[in-house]
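Peer 1: Build me a model from this:
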Amino acid sequence: MKVYLDHAATTPLDKRVLLAMTPHLTEVYANPSSSHAFGREALKSLDWARDSIAQNLCVQPSEVYFTSSGSESDSWAVKGCAAAIARATGKKHVLISSVEHHAVLHSGEALKKEGFEVEYLPVDERGFVDITALQNSLRTDTALVCVMTANNEVGTLQPIEQICALTHQKGGVFFTDAVQAAGAMDMSKITSNADMVSFSAHKFYGPKGVGGLYIKKGTPILPLVNGGEQERGLRGGTSCVAGAVGMATALSLAVQEREQNTARLYALRQYFLERIYNEIEDVYLNGDEKNRLASNANLSFLGVEATSLLHRLDLQGVAVATGSACASGSIEPSHVLTAMGLPKERVTSALRFSFGKHNTEAEVDYTVEVLKQSVASLRKK
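Peer 2: Modelled structure (predicted):
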């Protein structure tokens, strides 16, 4: 049996999304920036995609910008906004949570090289940003605060509304990476509070290579990609019409089916955890038990090295992860679990199991059996 439990890294393309994309790969192929009839036809599809995404995010179409990925959206939001605020006001203080995706963390490091003062907010053992530390760190010259909605490794859901309110009280701009959250939770409360929100199609059964950034009207930001007037002059490059249509279709389906998918994923994950706790000793769940994505189960198997366990599972057809897909080639311990202050033995023995809408109870049963055998074998060594 082959079991895919790495949906936090990417999800399979929904066949309904492929069906919607296909004409825009074969028939509606013109550049939407062209002034002829072929181009206008493509532009009509691009406009439809933007309108659809805006409706599902509860924002205005003019506030939706297409990018190539969640990482590009993150990088643009952090660097583009910080630079614009610094140019206009001289504010160069930036706050970033210590458990952000590397696209945000590395953008923060890039800002440091440009003379910005970047501070990293601590989190507790469940992955929540320390609100007191945030309040103490916010200043009148704080330009930007970055805290992700849902953590990509442990699934913890941050109190975004509270964090955003505190940021705005000090006159700062608030950005949240919602790449893991879009399609999985009600985004209206996020977009109604945050100034910028990133998302990516392939996290909710859409195509790879297309993402988006919501930028609330009036939020200062400079272009990340120069060279064209696309995206209202803020993001140059020929628009990927098929990708935009695919992302819009996937998001619409995710919103329509969110409640039933969430309920099913939660039940499947809880069944998985119940079997794990009952049948394997010394296993710990990382992240908050309740305030987390329904699809996420990050577990530490004490006495086992995570990479060795991952390889054992892979040989038996079970795909899981040790952390962020963007850092999967790294041998460094998880920066998220480390920032949470977990003991080394929990950090080095952690695997992320992320479920999807096509997973079954039979697949969970198979995975648990493989885990029992693999953990027992590795612990004997």
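Peer 1: what about Leu299, helix or strand, and which?
Peer 2: Here Leu299, judged by DSSP states H and E, is contained in strand 296-301.
Peer 1: And the pLDDT for the residue positioned nearest the centre of the chain?
Peer 2: Among the residues of the chain, the one closest to the centroid is Val179, at 2.6 Å (C-alpha atoms, centre = their mean). At Val179, the pLDDT value in this model is 98.
Peer 1: What degree of burial does the closest residue to it other than its chain neighbours show, as a neighbour count?
Peer 2: Computed as C-beta to C-beta, 6 or more residues apart in numbering, the closest residue to Val179 that is not its neighbour in sequence is Gly70, at 4.0 Å. Just so you know, the C-beta spots here come from the backbone N, C-alpha and C atoms, and that holds for glycine as well. Using other C-beta atoms under 10 Å, Gly70 is surrounded by 27 other residues.
Peer 1: Surely Gly70 is in contact with Ala181?
Peer 2: No. Using C-beta atoms under 8 Å, Gly70 is not in contact with Ala181, being 11.1 Å away.
Peer 1: Below-threshold pLDDT in the stretch 101-250 of the chain: ranges please.
Peer 2: Within the stretch 101-250 of the chain, no stretch has pLDDT under 70.
Peer 1: If we use 90, what do you get?
Peer 2: By pLDDT under 90, the low-scoring segments of the stretch 101-250 of the chain are 224-229.
Peer 1: what's the answer for the stretch 251-381 of the chain, then?
Peer 2: The low-confidence ranges in the stretch 251-381 of the chain, as defined by pLDDT under 90, are 323-333, 380-381.
Peer 1: So which residues of it form helices?
Peer 2: 258-279, 306-315, 335-339, 344-347, 361-380 (DSSP state H, counting those that start in this stretch).
Peer 1: How about the stretch 51-200 of the chain?
Peer 2: 70-75, 81-89, 102-113, 131-137, 160-169, 188-191.
Peer 1: got a list of what Leu224 touches?
Peer 2: 72, 75-76, 79-80, 235 (C-beta atoms under 8 Å, 6 or more residues apart in numbering).
Peer 1: redo that, cut-off 7 Å
Peer 2: Leu224 makes contact with 75-76, 79-80, 235 under the criterion C-beta atoms under 7 Å, 6 or more residues apart in numbering.
Peer 1: So which of those wins on neighbours?
Peer 2: Result: Trp76 is most packed of the contacts of Leu224 (other C-beta under 10 Å), 27 neighbours.
Peer 1: Spit out the contact partners of that one.
Peer 2: Trp76 touches 67, 213, 224, counting by C-beta under 7 Å, 6+ apart.
Peer 1: Can you tell me which of those is nearest Tyr266?
Peer 2: Leu213 (29.1 Å; C-beta to C-beta).
Peer 1: how near is the closest one to Pro12?
Peer 2: 24 Å (C-beta to C-beta, to the nearest Å).
Peer 1: Between these two, which is the more surrounded one?
Peer 2: A direct count of neighbours by other C-beta under 10 Å for Leu213 and Pro12 places Leu213 higher, at 27 against 13.
Peer 1: Next, find the distance separating the more buried one from Thr176.
Peer 2: 11 Å.
Peer 1: now do Ser295
Peer 2: In terms of C-beta to C-beta, Ser295 sits 19 Å off from Thr176.
Peer 1: Give me the more crowded residue out of these two.
Peer 2: It is Thr176, of Ser295 and Thr176, that has more neighbours when counted by other C-beta under 10 Å, with 29 against 26.
Peer 1: Identify the residues contacting Ala88.
Peer 2: Pro220.
Peer 1: rerun at 10 Å
Peer 2: Contacts for Ala88 were tallied using C-beta atoms under 10 Å, 6 or more residues apart in numbering; they are 143, 220.
Peer 1: cool, and Asp177?
Peer 2: So Asp177 contacts 70-71, 73-74, 77-78, 97, 100-101, 103-104, 146-152, 196-200 (C-beta under 10 Å, 6+ apart).
Peer 1: now do Tyr271
Peer 2: Counted by C-beta under 10 Å, 6+ apart, Tyr271 has contacts 361, 364-365, 368.
Peer 1: Please list only the buried members of the residues you listed.
Peer 2: 364, 368 (16 or more other C-beta atoms under 10 Å).
Peer 1: can I get the contacts of Tyr271 in CSV with distance to Ala54?
Peer 2: Shown next, in CSV, are these (distance: C-beta to C-beta, whole Å):
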residue, distance to Ala54
Glu361, 37
Val364, 37
Asp365, 42
Val368, 42
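Peer 1: re earlier: would you convert the helices of the stretch 251-381 of the chain into a markdown table that also reports distance to Leu111?
Peer 2: What follows is the helices of the stretch 251-381 of the chain, written out as a markdown table (distance: least, C-beta to C-beta, whole Å):
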| stretch | distance to Leu111 |
| --- | --- |
| helix 258-279 | 35 |
| helix 306-315 | 32 |
| helix 335-339 | 18 |
| helix 344-347 | 27 |
| helix 361-380 | 41 |
